[in-house]
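Trainee: A predicted structure for the sequence below; I have some questions about it.
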Amino acid sequence: MNFDAFNYFSSLCNKLKRSNDNGYYPCKVTGLGNMEEVINAFKTQKAYFAIDDTNDGQTYKSPGGGYFDRKQYIVFVLRKFTYNNMEQQKEYLQECREIYKSVCKKLIKDKATLQNDMIYLNTDRIPFYEIEGYGIAGCTGLYFIVTVDEPINLCYDANEWYE
């Protein structure tokens, strides 16, 4: 089973009361410099739960001898605020922080269930970075990075090669 980051994190956004009740819109982006669906939905949405599933990673050999792909997924939790309204910015940034903490709790809870499907969430370290000032598309918020390991088959297959 492959980990579908967009479906997983969109589901978290829709099921979390705080993000659902405050109108967070799950959408896809391709990095901090390319917030396509955030920009496209700027006029119709006030808050975003943007998932970047174009990831960097590595293939590695585990101590047990099997090979794994390690991928990093970035999730942006963003909320529009009125320019120069620093009280609103502070309030919405705190809301984003609370959503992040709730998502961390859910990741820790889901870790064991996902392991049954051989998807390994790294919950020992989930770094987050806050967005300063009047940031992306007039939003405040943060982004966090989740690392996922999945086993892969690297057995040589002669049928893949002209020899």
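Mentor: Nice, thanks for sending it over. Here the structure is a predicted model, which is why all the values come from computation and not from measurement. Residues are numbered from 1 along each chain as shown.

Trainee: In this structure, which helix is the longest?
Mentor: Longest among the helix segments of the chain by residue count, using DSSP state H, is helix 86-115.

Trainee: For that one, list every residue counted as buried.
Mentor: Buried positions in helix 86-115, judged by neighbour count with 16 or more other Cβ atoms under 10 Å: Gln89, Tyr92, Leu93, Glu95, Cys96, Ile99, Tyr100, Val103, Leu107, Leu114. No exception for glycine: its C-beta is placed from N, CA and C like everyone else's.

Trainee: Who are the packing partners of it?
Mentor: Contacts defined by 3 or more Cβ pairs under 8 Å, 6 or more residues apart in numbering; DSSP states H and E place helix 86-115 against helix 17-21, strand 67-80, strand 120-122, strand 128-131, strand 139-152.

Trainee: Mind putting these into CSV with distance to Thr30 and mean pLDDT?
Mentor: Shown next, in CSV, are the helices and strands packed on helix 86-115 (distance: least, Cβ to Cβ, whole Å; pLDDT from 0 to 100):
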stretch, distance to Thr30, mean pLDDT
helix 17-21, 21, 96
strand 67-80, 10, 94
strand 120-122, 22, 94
strand 128-131, 17, 93
strand 139-152, 13, 94
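
Trainee: Please dump the ones you listed into a markdown table; it should also carry mean neighbour count for every row.
Mentor: Output for these, formatted as a markdown table (neighbours: other Cβ atoms under 10 Å):
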| stretch | mean neighbour count |
| --- | --- |
| helix 17-21 | 14 |
| strand 67-80 | 21 |
| strand 120-122 | 18 |
| strand 128-131 | 15 |
| strand 139-152 | 20 |
